[in-house]
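**Q** Need coordinates for the below:
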Amino acid sequence: MWMKKWAAAVLFAAAGGMSGAAEAQTKLNFTTPYPEKLFHVINIREFIKDVHERSGGKIEITLHTAESLFKHADTMQAIRSGQVDLAELQLTQFANQDELYNFEALPFLATNYDDTMKIWEAAKPFVEKRVGRDRVRILYTVPWPPQAFYAKRPLRAIEDMKGLKFRVYNRIGARMAELFQAQPVLVGGGEVPQAFATGMIDSMITSSAFGASVKAWDFVDHFNDVQAWLGMNQILINERTYQRLTPEQRDIFMAAAKAAGERGLRLSKEANDAEKKVLAANGIKVLEPTPEFMAAARRIARPLVDDWAKAVGDDGKAILAKYEELAKSK
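**A** Residues are numbered from 1 along each chain as shown. Sure, this is the predicted structure:
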C-alpha cells in the first residue's frame, strides 16, 4: 500500500512537472508578408517581446517575415485553418471573400489618421463578427500612412493618369483606377519591384512607408501625396489557439495587443514623416496635390463609396452613418 501511494505521488509530481514544462513550452508561429524594417513588423517584434516578458518567458512566438511562411494571398486561409497561430494581413485584399472588408479602402472618404480611426471605430463590431465566423479573433489594428500615387510624372489633374499601368492591390482600387482612366494591375506587395522591372506597371498606389521599403526611387520619381485612403493592417489570432491559452495568458495577449495598437498608431505617423524624407533624399519629388485634382477625385470616387454600402447592405449603411456621425464630432 505504501509503495502504491509513493508511486502515485511520484506520478502526480511528474505530471505536474510535465504540465509546467508544457506551459513553459507554449510555442506559437506568426506570419507577416512584410519585410523586417517596415514599422508594422518593428511593432510586431515589440508585441512579441511584450508577450514574452509578461508571461515570464513561458510564451514563445516565432515570427516569419516577408512571405517566408505564407504568401499574403494565402494568409487568411492559413490563420482560419490553424496552419499558423497568428498573422498580419490587410483585410481589403480579401474583399473577394466579403465586400465588407473594403471598408478601409473607400477612396477619398477618410483621408487622415483621425478619420481613419473613426471609420475603424464604426466598422469594428461588424468586422469582428465577420472574422469570428471564420474562427479568427482580432488582436489589434494599425493604420498605414496615407496612400499616395507614385508615378514618373506629376499628377496635377485626373487626365494626367490616363494610360498609366497603375499598380493596385484590391478590387476597389482597381475600379478607382479605371474611373481615373488608368490601367489597373493587381500586384501584391512582395511582387512590386519585379512588376516595375518587367514593365508590368509604371506607377502605383501605396504609402510612403511601403514605397521607401521597396526603394521606389529605382522605378519612379514623383510621389503625389493625394492621401486617397490610409488602409490598415489587422493582427489576428486563430480562435482555437486563443481558446487553448489559459485565462492568464489571454489577459497577457490582450494587454500586449492594446499597447501594440497604441504604439503602432504613433509609429505609423512617425514613419509617414520620416519615409517621405527618405523618398526625397533619394530623388523623388514629394508633391502636394492640386485642389483641382482633389475635387475631381472626390467627385469621381464617391459612387464607389455608395456602391460599397449597397453591396454590403444594412451593415454598410450603418458603418457609413456611424462614421459620418463620428466625423462631425471633430
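
**Q** Next, name the residue at the spatial heart of this protein.
**A** residue 233 (1.5 Å; CA atoms, centre = their mean).

**Q** name the helices or strands packed onto the helix or strand hosting that one?
**A** For residue 233, the element it lies in under DSSP states H and E is strand 232-238. Other elements packing on strand 232-238 under the criterion 3 or more CB pairs under 8 Å, 6 or more residues apart in numbering; DSSP states H and E are helix 39-54, helix 72-81, strand 86-89, helix 113-132, strand 136-143, helix 247-281. Just so you know, the C-beta spots here come from the backbone N, C-alpha and C atoms, and that holds for glycine as well.

**Q** If we use 10 Å, what do you get?
**A** strand 26-31, helix 39-54, helix 72-81, strand 86-89, helix 113-132, strand 136-143, helix 239-244, helix 247-281 (3 or more CB pairs under 10 Å, 6 or more residues apart in numbering; DSSP states H and E).

**Q** Phi first, then psi, for the closest residue to residue 185 other than its chain neighbours.
**A** Of all residues not flanking residue 185 in the chain, residue 201 sits nearest, at 5.1 Å (CB to CB, 6 or more residues apart in numbering). Main-chain torsions, residue 201, degrees, to the nearest 10: phi -130, psi 160.

**Q** Run through the residues that contact residue 201.
**A** 150, 164-168, 183-185, 187, 191-192, 194-195, 219-220 (CB atoms under 10 Å, 6 or more residues apart in numbering).

**Q** try residue 233
**A** Each residue near residue 233 by CB under 10 Å, 6+ apart is listed here: 32-34, 38, 40, 43-44, 88-91, 104, 140-144, 264, 268.

**Q** does it have beta-bridge partners, and which?
**A** Note on residue 233: beta-bridge partners by DSSP bridges are residue 142.

**Q** just residue 137 next, same as before
**A** residue 237.

**Q** and if you look at residue 89?
**A** residue 234.

**Q** Now for it, how many residues are close by?
**A** 24 (other CB atoms under 10 Å).

**Q** for residue 295, same thing?
**A** For residue 295, using other CB under 10 Å, the count is 12.

**Q** That one and residue 157: what is the separation?
**A** 10 Å (CB to CB, to the nearest Å).

**Q** which neighbours do the two share?
**A** residue 289.

**Q** I'd like the mean pLDDT over stretch 190-203, please.
**A** Stretch 190-203 carries an average pLDDT of 95.

**Q** And it, what's buried?
**A** 190, 191, 192, 195, 196, 201, 202, 203 (16 or more other CB atoms under 10 Å).

**Q** same deal with stretch 307-322?
**A** Buried, per 16+ other CB under 10 Å, within stretch 307-322: 308, 309, 312, 315, 316, 318, 319, 320, 322.

**Q** ok, now stretch 271-278?
**A** 271, 272, 274, 275, 276, 278.

**Q** What residues does the closest residue to residue 289 other than its chain neighbours make contact with?
**A** Distances taken as CB to CB, 6+ apart place residue 226 nearest to residue 289, at 4.7 Å, with adjacent residues excluded. Neighbour list for residue 226: 107-108, 111, 146-149, 155, 205, 287-290, 293-294, 297 [criterion: CB under 10 Å, 6+ apart].

**Q** ok, residue 226 to residue 155 distance?
**A** Taking CB to CB, one finds residue 226 at 8 Å from residue 155.

**Q** and for those two, which residues touch both?
**A** The contact sets of residue 226 and residue 155 overlap at 148, 149, 287, 289, 290, 293, 297 (CB under 10 Å, 6+ apart).

**Q** Return the member of the residues you listed nearest to residue 55.
**A** residue 148 (39.6 Å; CB to CB).

**Q** Distance-wise, check the closest one relative to residue 197.
**A** 21 Å.

**Q** For the nearest residue in space to residue 311 that is not next to it in sequence, which residues are in contact?
**A** Among residues not flanking residue 311 along the chain, residue 99 sits closest, at 4.5 Å (CB to CB, 6+ apart). By CB under 10 Å, 6+ apart, residue 99 lies in contact with 171, 172, 307, 308, 309, 310, 311, 312, 313, 315, 316.

**Q** Let's see that with 7 Å instead.
**A** 308, 311, 312 (CB atoms under 7 Å, 6 or more residues apart in numbering).
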